[in-house]
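In: Here is a sequence with its predicted model. Questions after.
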Amino acid sequence: MEKTSYSDFQREINNLRKVFFLEGEAGALEHLKFLMERLCPSEDRLQRKNLALLLVKNGKSSQRAASKITGVSRDTLRSALAAGAQ
């Protein structure tokens, strides 16, 4: 999302809030997955991995939820967190 404008980013956040209100957490996770696939191509694995680590380290989500959102495997998250802790 580096090349998106503030208004585009704000619109996506508002859409995510709307989906969460209408469809609940499961719908919001699906919408977030869709956004991640659209905005972060699969070739950009490092960016998705860093986002997942950021979500877990800041306590915003569990490893499982971060894995679902970003598509990074839980084993990859575990090993990266263990390497960062050393």
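Out: Yep, that arrived.
In: For the longest helix along the chain, buried residues please.
Out: Secondary structure of the chain per DSSP state H: the longest helix is helix 6-39. Neighbour-count burial for helix 6-39 flags 12, 16, 19, 20, 28, 29, 31, 32, 35, 36, 39 (criterion: 16 or more other C-beta atoms under 10 Å). (Glycine included, C-beta is placed from N, CA and C.)
In: Now the fourth one. Nearest residue, chain neighbours left out?
Out: By the measure of C-beta to C-beta, 6 or more residues apart in numbering, the closest residue to residue 20 outside its immediate chain neighbours is residue 28, 3.9 Å from it.
In: before we move on, the earlier item: max pairwise distance over the buried residues of helix 6-39: which two?
Out: Maximum pairwise distance among the buried residues of helix 6-39 (C-beta to C-beta): 18.1 Å, between 20 and 39.
In: so where's this protein uncertain?
Out: 1-2, 40-43, 85-86 (pLDDT under 70).
In: Repeat the analysis, applying 80 as the threshold.
Out: By pLDDT under 80, the weakly predicted segments of the chain are 1-4, 9, 33, 36-45, 60, 84-86.
In: just checking, residue 55 touches residue 67?
Out: No: counting by C-beta atoms under 8 Å, residue 55 does not reach residue 67; the two are 9.6 Å apart.
In: quick revisit: distance check, the residue nearest to residue 20 against residue 65.
Out: Separation of residue 28 from residue 65 (C-beta to C-beta, to the nearest Å): 11 Å.
In: next one: residue 36
Out: Residue 36 is 13 Å from residue 65, by C-beta to C-beta.
In: Next, show the common contact partners of these two.
Out: By C-beta atoms under 8 Å, 6 or more residues apart in numbering, residue 36 and residue 65 have no common neighbours.
In: hmm, back to that, and the buried residues of helix 6-39, which is closest to residue 80?
Out: Each of the buried residues of helix 6-39 was scored against residue 80 by C-beta to C-beta, and residue 36 proved nearest at 17.5 Å.
In: Who are the contact partners of that closest one?
Out: Counting by C-beta under 8 Å, 6+ apart, residue 36 touches 48, 69, 70, 71.
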